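Have a look at this prediction, sequence included:
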Amino acid sequence: MAPFGWARCGNKKGGHIILNQAIEGRVYISTVGQLVPARIEWNVQGRITRLTRLDTRSTALPVVLPGFIDEHIHGACGHDVMEAHAEAWEQIEHALSRHGVTAFLATTITAPWDDLMAVADLARQWTPSPLSTCIGMHWEGPYLDRQYKGAQPLEAIRAVNLEEIERAIVPLRHAERPLRVMTLAPNQSSADQAIRLLTDHGIHVNMGHSGAGRSQAWEGMLAGADAITHLFNAMAPLHHREPGLLGLGLSAENLWLELITDGIHVHPDIVRMVFQLAAHRIILITDGISAIDQTPGRYRLGQWMVHVDGVSARLDDGTLAGSILTPDQSLRNLLQWGVPLREVVQAWCEAPARRLALGGRGRIEEGAWADLAIFDAQYQVLSTIKNGHVLYQR
């Protein structure tokens, strides 16, 4: 980790200087308008104390955005969350910092119960550093719809068991990295009771991996589910007479929509359509796996070995198995597809921070934490800052 203090990175043309507790760049300083030249200052605790507009028209300043928050990612840099080792999770943290990530949820895959408990034990026992970017867990499964399992192992999918769920989540309430999100299928028997149980313990519920009809999805939403996992993927397709989970997600104002923007999981035309319909409800995710930042080959996703060709990650039968997308590549994709930068920042930073109640995260404003991602003119990451400390510099 780079030392806190004076640090210079980049070259003479595109370089930038991170001063002791300050940086200058092009920033959104209000909820409306364009990027403007500004100076961001923060105190020794890492809180932004002053945001001052600069009297310059220079275009050489870097773009400074809030750090990315990825609530659905399985691994990176050759390591998988299901390894359940602190060293693996630390390597994932380090890898993601190169892509502007300042917070993420370590996401499981459906797996034998003992494997899930090993992950839970690590989350409970692993003492975080003040600059740790792993802020909790997202359990994707194991209470899913077998017909819409996607890359989830069929034999590990379980029927909802309320006693089992309670035994698992109670010890995690005060974990160093708590369980913040669980994905389940709302068409499972007793799913509405499970959703109420989880939300009563402060855990957000995503509906996903499900062939639920609209009425089943509606009941899940009424029970407290507040999001849909990787919209369009591993769910029944939209039908004009049975909108299903997908149709409810597109129309219900109180549901967040996870969206993968690698151009493979969802076509760019559909991505643009969703932004036009519901930009304020989109939470961008990568669904990334251990193959992020790796060469083509075979990589782990839970119990699977996944084939990665440099573009996508798939099981041997061709099923998509997560992605090799990174948040900064997602940003570049979206800009190329014509989505406004302001909406991208909202979906990568502000929306997940608001949903997960991450006070002082996801925005650049006085009083917020200095969690920053700094970009050159091509939106390549120059530096990542967490609580005012440099995690990564190019």
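That came through, no problem.

domain assignment for this protein?
7-65+362-393, 68-355 (automatic domain parsing).

want to try a markdown table for those domains, with mean neighbour count and mean pLDDT as columns?
C-beta: built from backbone N, CA, C; applies to glycine. Formatted as a markdown table, those follow (neighbours: other Cβ atoms under 10 Å; pLDDT from 0 to 100):
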| stretch | mean neighbour count | mean pLDDT |
| --- | --- | --- |
| domain 7-65+362-393 | 18 | 86 |
| domain 68-355 | 20 | 97 |
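
The closest residue in space to A151 that isn't next to it in sequence and N206, how far apart?
Excluding its sequence neighbours, the residue lying closest to A151 (Cβ to Cβ, 6 or more residues apart in numbering) is A321, at 3.8 Å. A321 is 18 Å from N206, where distance means Cβ to Cβ, to the nearest Å.

Next: L257.
L257 is 10 Å from N206, by Cβ to Cβ.

Quick check: the gap between the residue nearest to A151 and V160.
Distance from A321 to V160, by Cβ to Cβ: 25 Å.

same question, A236
19 Å.

now Q336
42 Å.

got it, and R173?
Per Cβ to Cβ, R173 is found 20 Å from V160.

Please apply the same query to G33.
47 Å.

Could you list which residues are in contact with S132?
For S132, the contact set (Cβ atoms under 8 Å, 6 or more residues apart in numbering) comprises E93.

One more: G202?
Contacts of G202 by Cβ under 8 Å, 6+ apart are R173.

Please put the alpha-carbon coordinates of stretch 60-70 into CSV.
The C-alpha atoms that make up stretch 60-70 are tabulated as CSV, following Å, rounded to 0.1, in the frame of the first residue of the first chain:
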residue,chain,number,x,y,z
ALA,A,60,-5.5,18.7,-18.0
LEU,A,61,-7.0,18.0,-14.6
PRO,A,62,-7.9,14.4,-13.8
VAL,A,63,-11.6,13.4,-13.4
VAL,A,64,-12.3,12.6,-9.7
LEU,A,65,-15.3,10.5,-8.9
PRO,A,66,-16.6,8.7,-5.8
GLY,A,67,-15.0,5.3,-5.4
PHE,A,68,-16.9,2.4,-6.9
ILE,A,69,-19.1,0.2,-4.7
ASP,A,70,-19.6,-3.4,-6.1
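
Tell me how far it lies from the chain's centre.
16 Å (Cα atoms, centre = their mean, to the nearest Å).

same check, this time on stretch 131-151
For stretch 131-151, the separation from the chain centroid amounts to 12 Å (computed by Cα atoms, centre = their mean).

Adjust the sequence numbering to begin at 28 for everything that follows.
Renumbered: residue one is now 28, and that last one reads stretch 158-178.

So Q179 is in contact with I136, correct?
Yes. Using Cβ atoms under 8 Å, Q179 is in contact with I136, at 6.3 Å.

Quickly list what's touching both of the two.
In contact with both Q179 and I136: 167-168, using Cβ under 8 Å, 6+ apart.

ok, the nearest residue to R204 once chain neighbours are set aside - contacts?
Leaving out its chain neighbours, the residue that sits closest to R204 by Cβ to Cβ, 6+ apart is A150, at 4.2 Å. A150 sits next to 133, 163-164, 199, 202-206 when contact means Cβ under 8 Å, 6+ apart.

tell me, what residue is most central in this structure?
The residue lying closest to the centre of the chain (Cα atoms, centre = their mean) is D97, at 1.6 Å.

Other residues contacting the strand or helix carrying that residue?
Using DSSP states H and E, D97 sits within strand 95-100. Contacting residues not belonging to strand 95-100 are listed as 119, 123, 126-134, 165, 167, 207-208, 256-257, 285, 310, 312-315, 354-355, 375-376, 379-380, 382-383, 385, 388-389, 400 [Cβ under 8 Å, 6+ apart].
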